[in-house]
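In: Predicted structure and sequence below. I'll ask about it afterward.
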Amino acid sequence: MYAQMIKSEATQEDPEKLAAFQARIDAGEKIEPKDWMPQGYRKTLIRQIGQHAHSEIVGQLPEGNWITRAPTLERKAILLAKVQDEAGHGLYLYCAAETLGVTRDELTEMLLDGRMKYSSIFNYPTLTWADMGAVGWLVDGAAIMNQVPLQRTSFGPYSRAMIRICKEESFHQRQGYDVMMKMAQGTSAQKKMAQDALNRFWYPSLMMFGPSDKESVHSEQSMAWKIKMNTNDELRQKFVDQTVPQAEYLGLTVPDENLKWNEDTGHYDFSQPDWSEFFDVLKGNGPCNQERLAARNSAWDDGKWVRDGLLAHAEKKAARKVAAE
Amino acid sequence: MTSDMAFFEFLCRMGDNTLVLGHRVSEWCGHAPVLEEDIALANTALDLIGQTQMWLGLAGEVEGEGRSADDLAMLRDAWDFRNVLLAEQPNGDFGQTMMRQYLFDQAHVLLLEKLAQSSDERVAGIAAKAVKEVTYHVERSRDTVIGLGDGTSESHRRMQAALDLLWPYVGEMFTDDEVSGIMAAEGIAPEPSSLRAGWDAAVQQTMSEATLVIPDSGFAHAGGKTGFRHSEHLGHMLTQMQWLQRAYPGARW
């Protein structure tokens, strides 16, 4: 899940229009960019899709950190393909957001000056090769939990972007699990690396779903609009239920002594992550917030002359074409 | 030098060029000036690494000592690398990266077109696949060099500086030696010098459209493709690239 703590906007509009809009959503119709929509719906979606897009872009960094150190040519190629997919996801999502009346450059500026966020998970460092496994298995696994239902979201362009993205994400998760499998079946040093990666990524992955939103008014509105399809707790439980047997299969231990199968509920009981850490990360105090934003800012600043140069060339070319006609 | 030794050397030259350049390009991941360039650079790196797997895989086969493409990539030291010096030059700014890419791509595509007719079917097969990818690489790097050369005064200045900096590394791509002589005699690969005129014509056209001036110097550094004297940059690249394989010998990943 790459969108966290998205506040939905209050809407003060014509009640008749609102009712008709809600009726379309309830009937399972898709809302398209030119259709009437409440301002709150538009603003919430811009925030949510934008945050998701930013997460894909910033998400290149922790994995890019290992491309130059990948242990085999095949692993290097797979990781490159994965990071390339992520940049592609960012591109579809920015395009989906643009249909709501905001430009990619505006969204980028808001990321760079801190007005918009990206997922908390990308503020954690990738320290060993096993982290490439853990990121694919756990982080992409958590993302898929949220993104699969979002294929049915009410906003057409977002739903279509999600359908494409989900196909690629499930490949990413499988390759992450495959990295973990190789490590778990490998030497004792590799097993140690795999366990260490799980220890560091388990709770940050649970945080990806955001704090409990059972009582949240914002969540209720977003769910009514089908921008949000499940509560954070539902998705987190589903993720734990899916992931624990996978960890057991790998012979790894989930770092939670309270983790236990509950016959009555048919789910695992598990410990909540340290939510104060989550809020610290959101405030900019995660282990890598500074580096991640600095890297994006310098890519943008250092690239200005390139963007200006290519634009100037395109204008010259167009002018020459006009002059020749 | 036996013909098998020359063939192995030739295949390492092909595979090390794509490996080292692919690695350099991959260093950009997540840091490009615009999202489309991040995607295109990753794509280029991915193609080059894929070609490396084929060239070095065949090199290991020809050598016959049981070394895989990964063994060759991850377990040789700098003096055994056979890439041209141009490929190992640092990325610099985006303009320098794209200039390096264009100068290389333009030679690469001309070579692969010939290799697709190689007397060795395995070489012809790899080249036929690679040439499709590299045709796209050269189209893109050429357009970027033109766009930035003929862009703003700043982008022009940076591209001219990149061309001036990299020009002394061009000549090595076209020098003949004993290895290339044996390859040419067997019809496996053309003499590099035979590609120079075509390269010059294409590059002159590109630089003229880019409003850039080709340096008036025929000086060429040497030592990459023979392995005699690489630049200092290669060793640093290898310490990063080979680190896991060196630190955990024999582990499977």
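Out: Received, thanks. Residues are numbered from 1 along each chain as shown, chains lettered A, B, ... in the order given.
In: CA only for contacts and neighbour counts going forward, please
Out: OK.
In: Pull the contacting residues for whichever residue of the stretch 51-200 of chain A sits closest to chain B.
Out: For the stretch 51-200 of chain A and chain B, the shortest gap (C-alpha to the nearest C-alpha) falls at residue A:69, measuring 4.8 Å. Residues near residue A:69 by C-alpha atoms under 8 Å, 6 or more residues apart in numbering or on different chains: A:76, B:240-244.
In: host element of it?
Out: For residue A:69, there is no host helix or strand (DSSP states H and E).
In: Same question for residue B:145.
Out: Assigned by DSSP H and E, residue B:145 falls within helix B:121-149.
In: Let's see the pLDDT reported for the residue of the stretch 51-200 of chain A closest to chain B.
Out: The model reports residue A:69 with a pLDDT of 98.
In: continuing past the helix holding residue B:145, what's the next helix or strand?
Out: Assigned by DSSP H and E, the successor of helix B:121-149 is helix B:153-166.
In: Contacts for the helix or strand just after that following helix, please.
Out: Of the helices and strands lying after helix B:153-166 in sequence (DSSP H and E), the nearest is helix B:178-185. Applying C-alpha under 8 Å, 6+ apart, the contact partners of helix B:178-185 are B:3, B:6-7, B:9-10, B:189-192.
In: How about stretch A:242-254?
Out: Outside stretch A:242-254, the residues that touch it by C-alpha under 8 Å, 6+ apart are A:138, A:180-181, A:184-185, A:194-195, A:198-199, A:202.
In: Convert the C-alpha atoms of that stretch to CSV, please.
Out: Listed next in CSV are the C-alpha coordinates belonging to stretch A:242-254 (Å, rounded to 0.1, in the frame of the first residue of the first chain):
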residue,chain,number,x,y,z
GLN,A,242,-0.8,-14.8,3.9
THR,A,243,2.8,-14.1,5.0
VAL,A,244,3.3,-16.1,8.1
PRO,A,245,3.0,-19.5,6.3
GLN,A,246,5.4,-18.2,3.7
ALA,A,247,7.9,-17.3,6.4
GLU,A,248,7.5,-20.8,7.9
TYR,A,249,8.1,-22.4,4.5
LEU,A,250,11.3,-20.4,4.3
GLY,A,251,12.3,-21.6,7.7
LEU,A,252,12.4,-18.0,9.0
THR,A,253,11.0,-16.6,12.2
VAL,A,254,8.6,-13.7,12.2
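In: That one: how far from the chain's middle?
Out: Taking C-alpha atoms, centre = their mean, to the nearest Å, one finds the center of stretch A:242-254 at 23 Å from the center of the full chain.
In: Average pLDDT for that stretch, rounded please.
Out: Averaged over stretch A:242-254, pLDDT sits at 97.
In: which residues touch the nearest residue to residue A:32 once chain neighbours are set aside?
Out: Distance criterion C-alpha to C-alpha, 6 or more residues apart in numbering or on different chains; nearest residue to residue A:32, sequence neighbours excluded, is residue A:156 at 5.4 Å. Applying C-alpha under 8 Å, 6+ apart to residue A:156 gives the contacts A:30-33.
In: The same query, at a cut-off of 10 Å, please.
Out: Taking C-alpha atoms under 10 Å, 6 or more residues apart in numbering or on different chains as the criterion, residue A:156 is in contact with A:29-33, A:96, A:162.
In: Present the contacts of residue A:69 as TSV; the columns should include secondary structure and pLDDT.
Out: As requested, the contacts of residue A:69 are arranged in TSV below (DSSP: H, G, I helix; E, B strand; the rest coil; pLDDT from 0 to 100):
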residue	secondary structure	pLDDT
A:76	helix	97
B:240	helix	97
B:241	helix	98
B:242	coil	98
B:243	helix	97
B:244	helix	97
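In: Out of the contacts of helix B:178-185, list just those in helices.
Out: Taking DSSP state H, the ones among these that sit in helices are B:3, B:6-7, B:9-10.
In: which of those count as buried?
Out: Buried subset of the ones in helices among the contacts of helix B:178-185 (neighbour count, 16 or more other C-alpha atoms under 10 Å in any protein chain shown): B:6-7, B:9-10.
In: Show me which of those residues is closest to residue B:164.
Out: Using C-alpha to C-alpha, residue B:10 comes nearest to residue B:164 of those, at 28.6 Å.
In: The closest one is in contact with residue B:63, isn't it?
Out: No. Checked against C-alpha atoms under 10 Å, the pair residue B:10 and residue B:63 is beyond contact range at 11.4 Å.
In: which neighbours do those two share?
Out: Residues touching both residue B:10 and residue B:63 by C-alpha under 10 Å, 6+ apart: residue B:4.
In: What parts of the stretch 151-253 of chain B come near chain A?
Out: B:151-156, B:158, B:210, B:237-246, B:248, B:250-253 (C-alpha under 10 Å from any C-alpha of the partner chain).
In: one more time with 7 Å
Out: The stretch 151-253 of chain B has residues B:151-152, B:154-155, B:240-245, B:251-253 near chain A, with proximity defined as C-alpha under 7 Å from any C-alpha of the partner chain.
In: Pull the most distant pair out of the residues you listed.
Out: So, those by C-alpha to C-alpha: farthest apart are B:152 and B:251, at 50.9 Å.
In: Looking at the two now, which is surrounded by more residues?
Out: When neighbours are counted by other C-alpha atoms under 10 Å in any protein chain shown, residue B:152 comes out ahead of the other of residue B:152 and residue B:251, with 20 against 17.
In: tell me the contacts of residue 227?
Out: No chain was given, so I picked chain A. Shown in contact with residue A:227 (C-alpha atoms under 7 Å, 6 or more residues apart in numbering or on different chains): A:153-154.
In: should've been chain B
Out: B:79-82.
In: Let me know the distance separating it from residue B:77.
Out: Distance of residue B:227 to residue B:77, given as C-alpha to C-alpha, to the nearest Å: 10 Å.
In: Residue A:151 too?
Out: Per C-alpha to C-alpha, residue A:151 is found 49 Å from residue B:77.
In: and if you look at residue A:3?
Out: In terms of C-alpha to C-alpha, residue A:3 sits 45 Å off from residue B:77.
In: Which residue of these two possesses the greater neighbour count?
Out: Counting neighbours by other C-alpha under 10 Å for residue A:3 and for residue B:77 shows that residue A:3 has the greater number, 23 against 14.
In: Name the SS class of that one, please.
Out: Per DSSP: H, G, I helix; E, B strand; the rest coil, the local secondary structure of residue A:3 is coil.
In: So it sits against residue A:47, correct?
Out: No. Applying C-alpha atoms under 7 Å as the test, residue A:3 and residue A:47 come out as separate, 8.7 Å apart.
In: avg pLDDT for stretch A:261-270?
Out: 98.
In: May I see the buried residues of that stretch?
Out: For stretch A:261-270, the neighbour count (16+ other C-alpha under 10 Å) marks A:268, A:270 as buried.
In: repeat for stretch A:55-70
Out: Quick answer for stretch A:55-70 (16+ other C-alpha under 10 Å): A:55-70.
In: From the chain's centroid, how far away is the helix or strand of chain A at the bottom of the mean pLDDT ranking?
Out: When each helix and strand of chain A is scored by mean pLDDT, DSSP states H and E, helix A:217-224 comes last, with a mean of 88. Taking C-alpha atoms, centre = their mean, one finds the center of helix A:217-224 at 20 Å from the center of the full chain.
In: one step back: considering the contacts of stretch A:242-254, which possesses the most neighbours?
Out: With neighbours defined as other C-alpha under 10 Å, the most crowded of these is residue A:180; it has 32 neighbours.
In: Quick one: residues contacting that one.
Out: When contacts are counted by C-alpha under 7 Å, 6+ apart, residue A:180 touches A:130, A:133-134, A:194.
In: That one - that's part of a helix, no?
Out: Yes. Assigned with three-state DSSP, residue A:180 falls within a helix.
In: Weed out the non-buried ones from the contacts of residue A:69.
Out: Buried residues within the contacts of residue A:69, counting neighbours by 16+ other C-alpha under 10 Å: A:76, B:241-244.
In: Please consider this matter closed, and thank you.
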